[in-house]
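Chemist: Got a sequence here, can you model it:
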Amino acid sequence: MIVESFFGSFGGRYVPEVLRTPLDELETAFREAMEDETFKNEFARLCKNYIGRPTPLLFAENATEKLGGSRIYIKLEGLANTGAHKINNAIGQALLAKRLGKKRIIAETGAGQHGIATAAVCAKLGLECRVYMGEVDIKRQHPNVFWMELYGAEVVPVGSGSRTLKDAVNEALRDWAGSFPDTHYLLGSALGPSPYPDMVREFQSVIGKETEKQIAGMEVEALVACVGGGSNAIGFFYPFIDKPFPRLIGVEAGGRGSLIGDNACRMDGTGKIGIVQGYKSLFLMDDDGQLQATHSISAGLDYPGIGPQLAGLGKKGRIEFKKASDTEALDALRFFARNEGIIFALESAHAGAEAIKMAHNGDPEKALIVNMSGRGDKDIFISAMALAPRDWILFLKEEMKIYEG
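Modeler: Predicted coordinates for the structure are as follows:
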């Protein structure tokens, strides 16, 4: 197993001296585990019997017919246990933590899916769990907080900075710096200091490896995935990176407009090279190196940076980056719900929105493969308020009457 500290000019390990020891320890354990058949077999067993892999590749027949262009297929990661792709990486890292003799897991979460996956895996494997979550994200994803706590995790609100994902990462790193002898930091995306980008990509590459088998014999135009930090995208794309085809399309959060603070697009020329949270990549930052505010209707896509391997592949031109607005994501959510009976997570709906655009003018003989990285149950408080505000507010008012007496 080769651990690549850099992907072109991006990546690296820019951390305080106190974190060098646990990162060296983690890299050694990861290299050894990837050569250990017992470890790999246990990961495969849990993927099959606990996560429910392989996840299906669905031909979206109704959507294809309605759009009248390319054939659309959907990789249903939302059917994985806990409702999203995040559990693939959580299982892999938790097994590594046990291999290292760690008893305690800490994690960060934005939309809550990584937090839920980590909490569930810790319950399954008998590990103590603490999840850091920004106060803004706690408010907009409160059902996920309930599920994390039901699994036995301690959810710690983060009130500093923008009170979102980047601040949750900062708090998790602070905790780890003082607790690493018995604690593993289970980072949820393919970013951070080496070896995390390699490690997360490796555990998430199960998505792409399955997809590669499932599309055998098809003529595929493109794979399409949403991109926040990038764990679902890099796992989905990985087996195809060194091949000339198909096209690889990453979709960022276009938010509510092009002004600073209204979106989370880094790969459209807006991102600047910086070193943040232990790695070098492209970030939304000002001329003084301060991270800018971001926005997305999806809590999982509003991170100001992007994983270093994705940044490198974007610069090389192997991955094409597009954007979808909040409105386009909501339209895609409704489109696939009404035509395919599938409710995309708001993050994944950004990929769905790009597939809809591409399919209109696409070749009917070719396929578009969309990674539905998660399902939309978690977003009900956001989606319902956006799509049916009157009915939703009435429902909430009636519920409050019940609770108040």
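
Chemist: quick one: the strands in the stretch 151-300 of the chain?
Modeler: Using DSSP state E, counting those that start in this stretch, the strands assigned to the stretch 151-300 of the chain run over residues 154-158, 183-185, 220-226, 247-255, 272-276, 279-283.

Chemist: other SSEs contacting the longest one?
Modeler: Using 3 or more CB pairs under 8 Å, 6 or more residues apart in numbering; DSSP states H and E as the contact definition, the elements that strand 247-255 packs against are strand 220-226, helix 308-316, strand 319-325, helix 326-340, helix 346-360. No exception for glycine: its C-beta is placed from N, CA and C like everyone else's.

Chemist: Direction included, what does the helix or strand containing Ile74 pair against?
Modeler: Assigned by DSSP states H and E, Ile74 belongs to strand 71-76. Applying DSSP bridges to the sheet, strand 71-76 is found paired with strand 57-59 (antiparallel), strand 367-372 (parallel).

Chemist: following it, which helix or strand comes up?
Modeler: Once the chain leaves strand 71-76, the next helix or strand it forms, by DSSP H and E, is helix 86-99.

Chemist: what about dumping the CA coordinates of that following helix to PDB?
Modeler: The C-alpha trace of helix 86-99 is given here as PDB (Å, rounded to 0.1, in the frame of the first residue of the first chain):
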ATOM      1  CA  LYS A  86     -20.000   7.400   5.400                       C
ATOM      2  CA  ILE A  87     -20.200   4.000   7.100                       C
ATOM      3  CA  ASN A  88     -17.700   2.500   4.700                       C
ATOM      4  CA  ASN A  89     -14.900   4.600   6.000                       C
ATOM      5  CA  ALA A  90     -16.200   4.500   9.600                       C
ATOM      6  CA  ILE A  91     -16.000   0.700   9.600                       C
ATOM      7  CA  GLY A  92     -12.400   0.700   8.200                       C
ATOM      8  CA  GLN A  93     -11.100   3.300  10.600                       C
ATOM      9  CA  ALA A  94     -12.800   1.800  13.600                       C
ATOM     10  CA  LEU A  95     -11.100  -1.500  12.800                       C
ATOM     11  CA  LEU A  96      -7.800   0.300  12.500                       C
ATOM     12  CA  ALA A  97      -8.400   1.900  15.900                       C
ATOM     13  CA  LYS A  98      -9.000  -1.500  17.500                       C
ATOM     14  CA  ARG A  99      -5.900  -2.800  15.800                       C
END
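
Chemist: Quick check: buried residues in that helix?
Modeler: Judged by neighbour count (16 or more other CB atoms under 10 Å), helix 86-99 contains these buried residues: 86-99.

Chemist: Wait, a helix at Phe39?
Modeler: Yes - per DSSP: H, G, I helix; E, B strand; the rest coil, Phe39 lies within a helix segment.

Chemist: quick one on the thing from earlier: can you tell me which of the strands paired with strand 71-76 is nearest to Pro143?
Modeler: Among the strands paired with strand 71-76, the nearest to Pro143 by CB to CB is strand 367-372 (19.4 Å).

Chemist: Contacts for that closest one, please.
Modeler: 57, 70-78, 85, 207, 211, 215, 218-226, 232-233, 236, 246, 342, 344-345, 348, 351-352, 355, 358-359, 362 (CB atoms under 8 Å, 6 or more residues apart in numbering).

Chemist: Just the buried ones from those?
Modeler: Using 16+ other CB under 10 Å as the burial test, those include 57, 70-78, 85, 207, 211, 215, 220-226, 232-233, 236, 246, 342, 344-345, 348, 351-352, 355, 358-359, 362 as buried.

Chemist: Could you pull up the contacting residues of Thr164?
Modeler: Counting by CB under 8 Å, 6+ apart, Thr164 touches 110, 134, 136-137, 294, 299, 302-303.

Chemist: What does the pLDDT read for it?
Modeler: For Thr164, the model assigns a pLDDT of 83.

Chemist: how far away is the nearest residue to it once chain neighbours are set aside from Ile72?
Modeler: Spatial nearest neighbour of Thr164, excluding adjacent residues (CB to CB, 6 or more residues apart in numbering): Gly134 at 4.2 Å. As judged by CB to CB, to the nearest Å, Gly134 and Ile72 stand 34 Å apart.

Chemist: got it, and Val131?
Modeler: 35 Å.

Chemist: Same check on Arg390?
Modeler: Arg390 is 32 Å from Ile72, by CB to CB.

Chemist: cool, Val200 as well?
Modeler: Noted for Val200: a distance of 27 Å to Ile72, by CB to CB.

Chemist: Show the contacting residues for Met218.
Modeler: By CB under 8 Å, 6+ apart, the contact set of Met218 is Ala367.

Chemist: what pLDDT does it get?
Modeler: The model's pLDDT for Met218 equals 97.

Chemist: Use 636 as the first number for this chain going forward.
Modeler: Okay, using 636 as the starting number, the last item reads as Met853.

Chemist: Please identify the buried residues of stretch 643-661?
Modeler: 645-648, 650, 654, 657-658, 661.

Chemist: So which of those are in helices?
Modeler: 654, 657-658, 661 (DSSP state H).

Chemist: Include pLDDT when you put those into CSV, please.
Modeler: Below are these laid out as CSV (pLDDT from 0 to 100):
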residue, pLDDT
Leu654, 95
Pro657, 95
Leu658, 97
Leu661, 97
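
Chemist: so, if you compare those, which one comes nearest to Gly687?
Modeler: Of all these, Leu661 has the smallest distance to Gly687: 27.6 Å, by CB to CB.
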